[in-house]
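1. What would the 3D arrangement of this be:
(2 chains)
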Amino acid sequence: MKKVYGSAAEALDGLLQDGMLIAAGGFGLCGIPELLIDALVASGVKNLTVASNNAGVDDFGLGKLLSTRQIKKMMSSYVGENAEFMRQYLSGELELEFNPQGTLAERMRAGGAGIPGFYTKTGVGTVIAEGKDHRDFNGETYIMEEGIFADLSIIKAWKADDTGNLIFRKTARNFNPPAAMCGKICVAEVEEIVPRGSIDPDLIHLPGIYVHRIIQGQHEKRIEQRTVRQKESA
Amino acid sequence: MPCSIKGWDRNQMAARAAQELEDGMYVNLGIGIPTLVANYVGDKDITLQSENGMLGMGPFPFAGEEDADLINAGKQTITELNRTSYFDSATSFGMIRGGKIAAAILGAMEVSENGDLANWMIPGKLVKGMGGAMDLVAGVGRVIVVMDHTNKHGDSKVLKNCTLPLTGKGVVDRIITNLGVFDVTEHGLSIVECADGVTPEEIIGATEATIV
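-> Numbering: from 1, shown residues only, chains lettered A, B, ... in the order given. Next up, the predicted model:
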């Protein structure tokens, strides 16, 4: 079966439905599926629920889908960099479910591993625990969190082979593997697709079983906080 | 009388916090003063974790060497070291939740005498989210809070009970402020150390929490 598609729009063809749950990889603007997000904007699909650690910035990443009002609900841990997000949230147009970052990552991983719920210490005694099942193990209290089972995963990797085996680069890996795992269908955008056999099997980060469609494209890879140090003069 | 005692400045607080770290530790540093702690570890072998998926975080890059694929949890460009490893977010929080990270040094808005920590949300103000803070305080071996002892009005941020929504309940082990170092004990806070030129009486006067 052929996994390589010609464009983001082709790769998403037939997969989109209003009201669907999409899991997206990325942390801040690092390792986000920017081309697939642009294609979602162009598709006009709406009432989306998006599980993603962050919500992009106003004019890049998921911020674009917010400005077109295609997102109904976000499941995120931190949304601080997005003014339009805040406007929609405070006016009640956008639902927001805050998840502690590790809980969000584990909910995706668990969903992908067929685990519908798990217990964690994170958030016990806070607003996050309200209404959740509490249970003691070895004298400590835990709360139950549910696995995320997404209709579609959109992720970004560095390199793929044509069977969907993926390699990520540096901290751009972040939420991409767990987001990929929790979707019924996963579409990956990469910087380079290489022929099967050209990646050492020992060095594959995410096996192609999790990846159903792949596209190659040019990425802007915007930097959110450019911080540098001065060279010490000799 | 609002607190006019000065004690340590930001860098001195960071230097004091660095003394908490032991050779060989894997540590997570929060944003703000905690970030400065890295400047004071000296020749101790400390590995810094960045919860977006990295162990062995290096300094900021030189201009022109920034890499969009290499950022810390504050979304700043950074560099790698010869010990660096990368992993996904689920693995990263697995090592946090699993207690593999020896210590986290974090900022706070409020901390209480029983170790409750509030550092993510002010009701009525813009809520940005807790990020990884709730996972860190619930999971790491030791939670060290570094913050100013009082707010800009001179009111104590070290309280009997937090007034803000909590990040974690009973999670703080040690508090380092501009006035001194405190341990959370069963009966209240104990003074471990006073900052330079600060007396225990001055600390008690500037603190709402019970000092034992």
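2. wouldn't A:Gly217 be in contact with A:Glu189 here?
-> Yes. Shown here, A:Gly217 and A:Glu189 form a contact pair, counting by C-beta atoms under 8 Å, at 5.9 Å. Where you see a C-beta, it was placed from the backbone N, CA and C, and this is true even at glycine.
3. B:Gly168 - nearest residue in space that isn't next to it in sequence?
-> Spatially, and ignoring its direct neighbours in sequence, B:Gly168 is nearest to B:Val137 (3.6 Å; C-beta to C-beta, 6 or more residues apart in numbering or on different chains).
4. you'd agree B:Gly154 is in a helix?
-> No. Assigned with DSSP: H, G, I helix; E, B strand; the rest coil, B:Gly154 falls outside any helix and is coil.
5. sec struct for the residue nearest to B:Gly168, please.
-> Secondary structure, three-state DSSP: B:Val137 is helix.
6. which residues does it contact?
-> B:Ala104, B:Leu106, B:Leu117, B:Val143, B:Thr167, B:Gly168, B:Val171, B:Val172 (C-beta atoms under 8 Å, 6 or more residues apart in numbering or on different chains).
7. And it, how close does it get to B:Trp120?
-> Per C-beta to C-beta, to the nearest Å, B:Val137 is found 10 Å from B:Trp120.
8. Find the residues that touch each one of those two.
-> B:Thr167.
9. Pick out the residue nearest the middle of chain B.
-> The residue lying closest to the centre of chain B (C-alpha atoms, centre = their mean) is B:Leu106, at 1.7 Å.
10. Would you check that that residue makes contact with B:Asn119?
-> Yes. Using C-beta under 8 Å, B:Leu106 is in contact with B:Asn119, at 6.6 Å.
11. okay, and the common contacts of those two?
-> B:Ala133.
12. other SSEs contacting the lowest-mean-pLDDT helix or strand in chain B?
-> Using mean pLDDT, DSSP states H and E, helix B:33-36 stands out as the lowest-scoring helix or strand of chain B, at a mean of 94. Contacts defined by 3 or more C-beta pairs under 8 Å, 6 or more residues apart in numbering or on different chains; DSSP states H and E place helix B:33-36 against helix B:10-18.
13. And the next helix or strand past the helix it packs on?
-> strand B:26-29 (DSSP states H and E).
14. Using the three-state scheme, assign the residue in chain B sticking out farthest from the centre.
-> In terms of distance from the mean C-alpha position of chain B, B:Gly64 ranks first, at 30.8 Å (C-alpha atoms, centre = their mean). Recorded secondary structure, B:Gly64: coil (three-state DSSP).
15. higher neighbour count, A:Gly217 and A:Glu189?
-> A direct count of neighbours by other C-beta atoms under 10 Å in any protein chain shown for A:Gly217 and A:Glu189 places A:Glu189 higher, at 26 against 14.
16. B:Asp173: neighbour count?
-> Residues near B:Asp173, counting by other C-beta under 10 Å, number 16.
17. how near is it to chain A?
-> Look at B:Asp173 and chain A: by C-beta to the nearest C-beta, to the nearest Å, they are 15 Å apart.
18. And the pLDDT at that residue?
-> B:Asp173 is assigned a pLDDT of 98 by the prediction.
19. okay, and the helix or strand of chain A with the least pLDDT?
-> Lowest by mean pLDDT, DSSP H and E among the helices and strands of chain A is helix A:83-90, with a mean of 88.
20. Going by neighbour count, which residues in it are buried?
-> Within helix A:83-90, the residues that count as buried by 16 or more other C-beta atoms under 10 Å in any protein chain shown are A:Glu84, A:Phe85, A:Met86, A:Gln88, A:Tyr89.
21. Which members of those define the maximum pairwise distance?
-> Using C-beta to C-beta, the buried residues of helix A:83-90 reach their maximum pairwise distance at A:Glu84 and A:Tyr89, which is 9.5 Å.
22. looking at this, A:Ala179 is in a strand?
-> No. Secondary structure of A:Ala179 (three-state DSSP): helix, not part of a strand.
23. Quick check: it touching A:Gly25?
-> Yes. A:Ala179 is within contact range of A:Gly25, at 4.2 Å (criterion: C-beta under 8 Å).
24. between the two, what contacts are shared?
-> Contacts common to A:Ala179 and A:Gly25, judged by C-beta under 8 Å, 6+ apart, are A:Ser52, A:Ser153, A:Ile154, A:Ile155.
25. need the helices for chain A, in chain order.
-> Along chain A, the stretches classed as helices by DSSP state H are A:8-12, A:34-43, A:62-67, A:83-90, A:101-112, A:176-181.
26. Revised request: answer the last question for chain B.
-> Here chain B has its helices, by DSSP H, at B:10-18, B:33-36, B:89-97, B:133-139, B:200-206.
27. Pick the most deeply packed of those helices.
-> Each of those was scored by mean neighbour count; the highest is helix B:133-139, a mean of 29, by mean count of other C-beta atoms under 10 Å in any protein chain shown.
28. Could you list the alpha-carbon positions for that one in CSV?
-> C-alpha atoms of helix B:133-139 as CSV (Å, rounded to 0.1, in the frame of the first residue of the first chain):
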residue,chain,number,x,y,z
ALA,B,133,4.4,22.3,36.6
MET,B,134,1.7,20.0,38.2
ASP,B,135,3.5,16.9,36.9
LEU,B,136,6.9,18.1,38.1
VAL,B,137,5.8,18.9,41.7
ALA,B,138,3.9,15.6,41.9
GLY,B,139,6.7,13.5,40.6
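29. Quick check: mean pLDDT of it?
-> Helix B:133-139 shows a mean pLDDT of 98.
30. which stretches of chain B form strands?
-> Using DSSP state E, the strands assigned to chain B run over residues B:26-29, B:47-50, B:54-57, B:80-86, B:103-106, B:110-112, B:117-118, B:142-146, B:158-159, B:174-176, B:180-185, B:188-194.
31. Which one of the ones you listed lies nearest to A:Val127?
-> With respect to A:Val127, and counting by C-beta to C-beta, the nearest of those is strand B:117-118 at 11.2 Å.
32. near chain A at all, the closest one?
-> No. Strand B:117-118 stays clear of chain A (C-beta under 8 Å from any C-beta of the partner chain), getting no nearer than 9.4 Å.
33. which other helices and strands contact that strand?
-> strand B:110-112.
34. What's the local residue count around the nearest residue to B:Gly131 once chain neighbours are set aside?
-> Nearest non-adjacent residue to B:Gly131, counting by C-beta to C-beta, 6+ apart: A:Tyr78, 4.2 Å away. Neighbour count for A:Tyr78, taken as other C-beta under 10 Å: 24.
35. A:Ile155 too?
-> Neighbour tally, A:Ile155, other C-beta under 10 Å: 31.
36. who are the neighbours in contact with the spatially closest residue to it that is not a sequence neighbour?
-> Leaving aside its sequence neighbours, A:Ile155 sits nearest to A:Gly25 (C-beta to C-beta, 6+ apart; 3.9 Å). The neighbours of A:Gly25, taking C-beta under 8 Å, 6+ apart as the test, are A:31-33, A:52, A:153-156, A:174-177, A:179-180.
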